[in-house]
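> What follows is a predicted protein model with its sequence.
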Amino acid sequence: MLKKVTIQADQRGLLFHKGSYVKKLMPGTYNYFSWSQSTVVVMNIAKPFDVEGKDLQLFLHDEDLARELNIVRVQDHEYVLRYEDGQFVQLLKPGIYAFWNILRKHTFIHTDTRQAELSAEVDRSILPKLTAYVQAFEIASNESGFLFYDHVLQREISPGKYYFWKGPVSVMVKKIDLRQQQMDLIGQEIMTEDKVTLRLNFVCQYKIVNPLRALEMKSFDEQIHIQLQLMLREYVGTLKLDDLLKRKEDIASFILSRMHEKSEEFGVQFLGAGVKDVILPGEMKEILNTVLMAEKKAQANLITRREETASTRSLLNTAKLMDENQTLFRLKELEFLEKICEKVGSISLTGGGDLLERLSSLIGERKPASKS
């Protein structure tokens with residue numbers, strides 16, 4: 001009794017006898033006795049060459065089969081990108097692979113993972129398919145980056161996006177912000193020369209101009225913070241409280257000039273500084289408020305005295321003018337009469353006589369001086 005095996009045009013057969021590989025079978029129909037110990041494994045040539053339970057090396061001695069296969073050996077330090085007819089298909093990890101080269105053209109790109117950065121020949125459009133094998137670092141336009149391999153500095157990198165293999169080399173990127181930055185010193189307790197303890201809120205603006213120098217310093221921000229603290233104590237400690245309050249604006253100039261001396265050491269350009277607040281102890285506030293109130297009262301009294309003196313002087317001048325000019329005196333009387341009438345609702349007159357004469361008598365019409 002026969003058993004029939006048919007191999008299609010897109011297939012190849014592998015003939016085994018008693019479990020050992022014999023040869024490759026081309027498309028066609030093959031008949032075997034049912035009691036025969038021969039078996040045929042039918043392979044789809046559109047798929048990778050892979051025989052379950054058999055090592056690839058068992059088939060490579062067959063030159064006829066080998067001519068129809070692409071054999072790819074991926075070393076331990078490699079990844080291989082496989083393309084079919086120019087289109088990316090998969091990434092191959094270390095091992096040996098075989099692919100039928102009959103229906104499709106296979107191309108392979110070998111990459112050395114010991115060279116951590118992806119080479120230019122790796123098309124960036126396929127990277128979303130390689131997220132398990134590739135890591136990315138992005139440097140913004142306002143940053144400078146430093147690339148490290150196994151904790152060893154390699155180079156400074158400019159703004160952009162960089163891709164690296166997740167391989168034997170440990171990759172790290174440190175970023176330095178090149179924008180203007182601000183450092184706040186809040187509630188710095190400092191004692192003045194006259195032993196008054198006060199608190200200062202101080203601010204300083206700076207910009208990193210030498211990012212490598214900033215990177216080489218441990219706790220870069222903290223070191224600038226400490227320098228500002230020391231300089232504030234140095235300046236405030238030489239002044240009495242009254243002098244400090246009068247020369248508060250000078251603190252910024254002093255600190256800024258001293259920090260300019262440190263610019264090269266820190267790799268920083270210091271742009272500005274200033275005192276935001278001077279906070280005094282509660283008792284000192286009360287004392288200063290009392291002094292200030294006394295000063296303001298004294299100023300108010302002085303202004304009042306000046307106004308009274310000016311008013312008296314004005315009355316004296318007016319009296320002299322009216323004494324010398326009778327017409328001016330009469331006009332002044334009429335002005336007061338007008339003011340009195342504004343306050344009076346009605347005027348009742350009894351008896352005869354002319355109304356004008358009565359009003360004249362109210363204001364005490366003066367008789368002309370007799371001529372001697």
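Yes, it's here. Numbering: from 1, shown residues only.

> For the rest of this, base every contact and every neighbour count on C-alpha atoms.
Will do.

> Can you point out the buried residues in stretch 184-192?
Going by neighbour count (16 or more other Cα atoms under 10 Å), the buried part of stretch 184-192 is Leu185, Gln188, Ile190, Met191, Thr192.

> Measure how far the helix or strand hosting the third one is from the centre of its chain, please.
I take that to be Ile190. According to DSSP states H and E, Ile190 maps onto strand 181-191. Centre-to-centre, strand 181-191 and its host chain are 21 Å apart (Cα atoms, centre = their mean, to the nearest Å).

> Which strands and helices lie in contact with it?
Secondary-structure packing of strand 181-191 (3 or more Cα pairs under 8 Å, 6 or more residues apart in numbering; DSSP states H and E): strand 197-208, helix 220-236.

> residue contacts, Leu118?
Tyr163, Phe164, Trp165 (Cα atoms under 8 Å, 6 or more residues apart in numbering).

> got JSON lines for the buried residues of stretch 184-192, with pLDDT and distance to Gly267 too?
Putting those into JSON lines (pLDDT from 0 to 100; distance: Cα to Cα, whole Å) gives the following:
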{"residue": "Leu185", "pLDDT": "89", "distance to Gly267": "21"}
{"residue": "Gln188", "pLDDT": "84", "distance to Gly267": "25"}
{"residue": "Ile190", "pLDDT": "85", "distance to Gly267": "28"}
{"residue": "Met191", "pLDDT": "83", "distance to Gly267": "31"}
{"residue": "Thr192", "pLDDT": "81", "distance to Gly267": "32"}
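
> Output those in a markdown table; the columns should cover distance to Tyr149.
Converted to a markdown table, these look like this (distance: Cα to Cα, whole Å):
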| residue | distance to Tyr149 |
| --- | --- |
| Leu185 | 37 |
| Gln188 | 41 |
| Ile190 | 46 |
| Met191 | 49 |
| Thr192 | 51 |
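
> for the helices and strands packed on strand 181-191, which one ends up most surrounded?
Among those, strand 197-208 has the highest mean neighbour count (mean count of other Cα atoms under 10 Å), at a mean of 18.

> which residues touch that one?
Contacting residues not belonging to strand 197-208 are listed as 177-192, 214, 267-281 [Cα under 8 Å, 6+ apart].

> so which of the buried residues of stretch 184-192 comes closest to Phe220?
Distances from Phe220 to those, taken as Cα to Cα, are shortest for Leu185 (15.3 Å).

> Against Val275, how distant is the closest one?
Separation of Leu185 from Val275 (Cα to Cα, to the nearest Å) stands at 10 Å.

> Leaving aside the residues adjacent along the chain, what's closest to Leu185?
Phe202 (5.0 Å; Cα to Cα, 6 or more residues apart in numbering).

> ok, how many other residues are close to Glu68?
14 (other Cα atoms under 10 Å).

> Actually, Ser263.
Using other Cα under 10 Å, Ser263 has 16 neighbouring residues.

> What strand or helix carries the nearest residue to it once chain neighbours are set aside?
Closest residue to Ser263 apart from its sequence neighbours, by Cα to Cα, 6+ apart: Gln269 at 5.8 Å. Per DSSP H and E, Gln269 falls inside strand 268-279.

> Please write out the alpha-carbon positions of the strand holding Ile190 in CSV.
Extracted in CSV, the C-alpha atoms of strand 181-191 (Å, rounded to 0.1, in the frame of the first residue of the first chain):
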residue,chain,number,x,y,z
GLN,A,181,17.9,80.5,36.3
GLN,A,182,17.0,81.9,39.7
MET,A,183,18.2,81.0,43.1
ASP,A,184,16.2,82.1,46.2
LEU,A,185,17.7,82.3,49.7
ILE,A,186,14.7,82.3,52.0
GLY,A,187,14.8,83.3,55.6
GLN,A,188,18.5,83.6,56.0
GLU,A,189,19.2,84.5,59.7
ILE,A,190,22.1,86.9,60.0
MET,A,191,23.4,89.0,62.9
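
> got the angle for it vs helix 220-236?
Per axes from the mean of the first three to the mean of the last three Cα atoms, to 10 degrees, the angle that strand 181-191 makes with helix 220-236 is 40 degrees.

> which residues touch strand 181-191?
By Cα under 8 Å, 6+ apart, strand 181-191 touches 197-207, 225, 229, 233, 236-237.

> Report the angle between it and strand 268-279.
40 degrees.

> Could you check the angle strand 181-191 makes with strand 197-208?
Using the same axes, to 10 degrees: strand 181-191 against strand 197-208 is 160 degrees.

> Okay, now the sheet partners of strand 181-191, with direction.
If you go by DSSP bridges, strand 181-191 pairs up with strand 197-208 (antiparallel).

> what pLDDT, on average, does the partner strand get?
Averaging pLDDT along strand 197-208 gives 90.

> again with stretch 149-162
Here stretch 149-162 scores 94 as its mean pLDDT.

> Quote the end-to-end distance of it.
Length of stretch 149-162, first residue to last, Cα to Cα: 14 Å.

> what does stretch 58-69 give?
Across stretch 58-69, the terminal residues are separated by 14 Å (Cα to Cα).

> buried sites along it?
In terms of neighbour count (16+ other Cα under 10 Å), stretch 58-69 has its buried residues at Phe59, Leu65, Ala66, Leu69.

> Now do that stretch: distance to the chain's middle.
A distance of 61 Å separates the centroid of the chain from that of stretch 58-69, by Cα atoms, centre = their mean.

> Same question for stretch 189-208.
Mean-position distance between stretch 189-208 and its chain equals 26 Å (Cα atoms, centre = their mean).

> First-to-last residue distance for that stretch?
Start-to-end span of stretch 189-208 (Cα to Cα) is 28 Å.

> Thanks a lot, see you next time.
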